[in-house]
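Novice: next input, structure requested:
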Amino acid sequence: MKKSILLALLIVVVVTGWLLSGVWQSSDLHSVNQGTGSGASASAEQAEAVLPRVRVRSVESERVPQEIILLGTTEAKRKVRLRAQTVGVVKKVLVARGQSVRQGEVLVKLAADDRPARLRQAKALLDQRQTEFEAATSLSKKNLRSKIALSEARALLNAAKAGLESIRVDMDRTEIRAPFDGFVDQRFVELGDYMKVGEPIVTILDLSTIVVAGDVSEHNVSKIKPGLSGRAVLVDKRELEGKITYVARSSNASTRTFRVELEVPNPGHAVAEGITAKITLSVGETVAHRLSPAVLTLSDEGVMGIKVVNAENIVEFLSVTLVADTPEGTWLGGLPKELELISVGHEFVKQGQKVTTVRE
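Specialist: All right, here's what the predicted structure looks like:
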């Protein structure tokens, strides 16, 4: 009887111990699970803290005037170097460098030498030939002179006329005259110089209208047409407005650029030749983003662009094209309509890197 009671008590103790061991194990597992969860959360927060932080802002494109900007220089509308057309000694120099001249004004005179005598000789010969031809004509009408003799008299008369005209032209060439209103830019002769045919005498500039010439790239030349309005700003901040009058049809072999000319009025001849100018040509509208030049960066290949983040906060590099440069900022094209721009910290992150973003 006692053995049965003892056996029953032993069984109760064993079962109770087994049940209690299950509770403890569950409690331990719960504690372990709680500890593991806290560790994972802490690790995630630590990983988040390791990611580089960048400041971003949302940017949306706008429609802006599309402008082509060129560097150029001012040039005279007309420029001519006058050269000697006959030989002779410089007898008079009537102009100085920088002097304004009128069309037809005598600039330099060469010595006449024996030209007046040759002119009188040519006139006398012409009178003689004219008399001979009239006599031959009269005799020919009376059948007292052959047609051949009449033709010879006519030929001699024409030769005398040509000789007289030749000496007159040669005498006219001893006076070098201005071909148009302008300024004497250079003078190559002095009193007493002996001039040969083709030697330079003076250079005349026509500054009534100024041409601002520049070179446009092959990518933009198709956008520029004669008649297009433009603006030129000189280095001294003077502004000139005019129209395109010339676009080259052949490029420079060395630079692959095309010459364009902006013609502007020059009242009072205030603008000289050879001044540096910035030419701005408006060629329509385009979509662009106005950004600070500080956000621009270069890719590993040397391409200019900006850095943005996508929806997963991954850094992306976007190449850009310059649309316009204004005091308010730089207008950049070639970008999507909306983007998340990295405004601070872009120089410290790379394309494809995950970052933590902070909004401006």
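
Novice: can I see the domain layout of the protein?
Specialist: 1-49, 53-64+287-359, 82-200, 203-285 (automatic domain parsing).

Novice: what about the longest strand in this protein?
Specialist: Ranked by residue count under DSSP state E, the longest strand found in the chain is strand 62-83.

Novice: any weak-confidence spans in the stretch 201-350 of the chain?
Specialist: The stretch 201-350 of the chain contains no residues with pLDDT under 70.

Novice: tell me the spacing between the closest residue to Arg249 other than its chain neighbours and Ala248.
Specialist: Nearest residue to Arg249 in three dimensions, chain neighbours excluded: Phe258, at 8.0 Å (Cβ to Cβ, 6 or more residues apart in numbering). In short, each C-beta sits where N, CA and C put it, glycine included. Taking Cβ to Cβ, to the nearest Å as the measure, Phe258 falls 4 Å from Ala248.

Novice: can you give me the buried ones in stretch 292-304?
Specialist: By neighbour count on 16 or more other Cβ atoms under 10 Å, the buried set for stretch 292-304 is 295-296.

Novice: buried stuff in the longest strand of the chain?
Specialist: With burial defined by 16+ other Cβ under 10 Å, the residues of strand 62-83 counted as buried are 64, 66-68, 70, 72, 74-78, 80, 82.

Novice: quick one: which of those is nearest Ser151?
Specialist: If you rank the buried residues of strand 62-83 by distance to Ser151 using Cβ to Cβ, Leu82 comes first, at 42.3 Å.

Novice: and the helices in the stretch 51-200 of the chain?
Specialist: Secondary structure of the stretch 51-200 of the chain (DSSP state H, counting those that start in this stretch): helices at 115-141, 147-172.

Novice: for the first one, packing partners?
Specialist: Judged by 3 or more Cβ pairs under 8 Å, 6 or more residues apart in numbering; DSSP states H and E, the packing partners of helix 115-141 are helix 147-172.

Novice: now the angle from the helix it packs on to helix 115-141?
Specialist: With axes from the mean of the first three to the mean of the last three Cα atoms, to 10 degrees defining the directions, helix 147-172 sits at 160 degrees from helix 115-141.

Novice: counting by contacts, list what helix 147-172 packs against.
Specialist: Under the contact criterion of 3+ Cβ pairs under 8 Å, 6+ apart, helix 147-172 touches helix 115-141.

Novice: quick one: the helix it packs on to chain centroid distance?
Specialist: Mean-position distance between helix 115-141 and its chain equals 65 Å (Cα atoms, centre = their mean, to the nearest Å).

Novice: pull out the buried positions in it.
Specialist: Result for helix 115-141 [16+ other Cβ under 10 Å]: buried residues 115, 118-119, 122, 125-126, 129, 132-133, 136, 140.

Novice: nearest residue to the middle of the protein?
Specialist: Closest residue to the average C-alpha location of the chain: Leu70 at 2.7 Å, with Cα atoms, centre = their mean.

Novice: and it, how far from Val211?
Specialist: Separation of Leu70 from Val211 (Cβ to Cβ): 13 Å.

Novice: same question for Leu110.
Specialist: From Leu110 to Val211 the distance is 33 Å (Cβ to Cβ).
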